[in-house]
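Enquirer: All I have is the shape, not the residue letters:
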């Protein structure tokens with residue numbers, strides 16, 4: 001359950017920053033840093049958080 005929540009947060013970290021950049025809420029470097037953190041978090045948590053429990 002925790003991993004699934006972290007995966008959704010990571011997905012938000014990759015989707016939301018470009019819109020914030022377009023609205024001049026954050027700078028380009030900050031957007032890139034947040035997005036790369038979200039990508040790493042997504043690839044670390046998504047395979048474990050969304051795996052099929054019945055298959056294992």
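Expert: On my side now, so go ahead. Just so we're clear, the structure is a prediction, and the values are computed from it rather than from any experiment. Numbering: from 1, shown residues only.
Enquirer: what residue lies at the spatial centre of this protein?
Expert: residue 10 (1.8 Å; C-alpha atoms, centre = their mean).
Enquirer: May I see the buried residues of stretch 14-34?
Expert: Of the residues in stretch 14-34, 14, 16-17, 21, 26, 31, 34 count as buried by neighbour count, 16 or more other C-beta atoms under 10 Å. All C-beta atoms are positioned from the backbone trio N, CA, C, and that covers glycine.
Enquirer: ranges for the helices of the protein?
Expert: 2-22, 28-49 (DSSP state H).
Enquirer: dump the residue contacts of residue 26.
Expert: Residues in contact with residue 26 (C-beta atoms under 8 Å, 6 or more residues apart in numbering) are 17, 20, 34.
Enquirer: Give the ranges of residues in this structure that sit below the confidence cut-off.
Expert: For the chain, residues meeting the criterion pLDDT under 70 lie at 53-56.
Enquirer: right, and the residue nearest to the centre of the chain touches residue 46 too?
Expert: Yes - in this structure, residue 10 is within contact of residue 46 by C-beta atoms under 8 Å, at 7.3 Å.
Enquirer: Show me which pair in the buried residues of stretch 14-34 is furthest apart.
Expert: With distances taken as C-beta to C-beta, the most widely separated pair in the buried residues of stretch 14-34 is 14 and 26, at 13.9 Å.
Enquirer: returning to what we had before: among the contacts of residue 26, which one lies nearest to residue 4?
Expert: Set against residue 4, the nearest of these by C-beta to C-beta is residue 34 (20.6 Å).
Enquirer: Please name the nearest non-neighbouring residue to that closest one.
Expert: The shortest distance from residue 34 to any residue other than its chain neighbours is 4.7 Å, reached at residue 17 (C-beta to C-beta, 6 or more residues apart in numbering).
Enquirer: ok, now how distant is residue 17 from residue 10?
Expert: Distance check for residue 17 against residue 10: by C-beta to C-beta, to the nearest Å, it reads 12 Å.
Enquirer: Please apply the same query to residue 38.
Expert: Residue 38 is 5 Å from residue 10, by C-beta to C-beta.
Enquirer: One more: residue 42?
Expert: Distance of residue 42 to residue 10, computed by C-beta to C-beta: 4 Å.
Enquirer: likewise residue 48?
Expert: For residue 48, the distance to residue 10 - C-beta to C-beta - is 12 Å.
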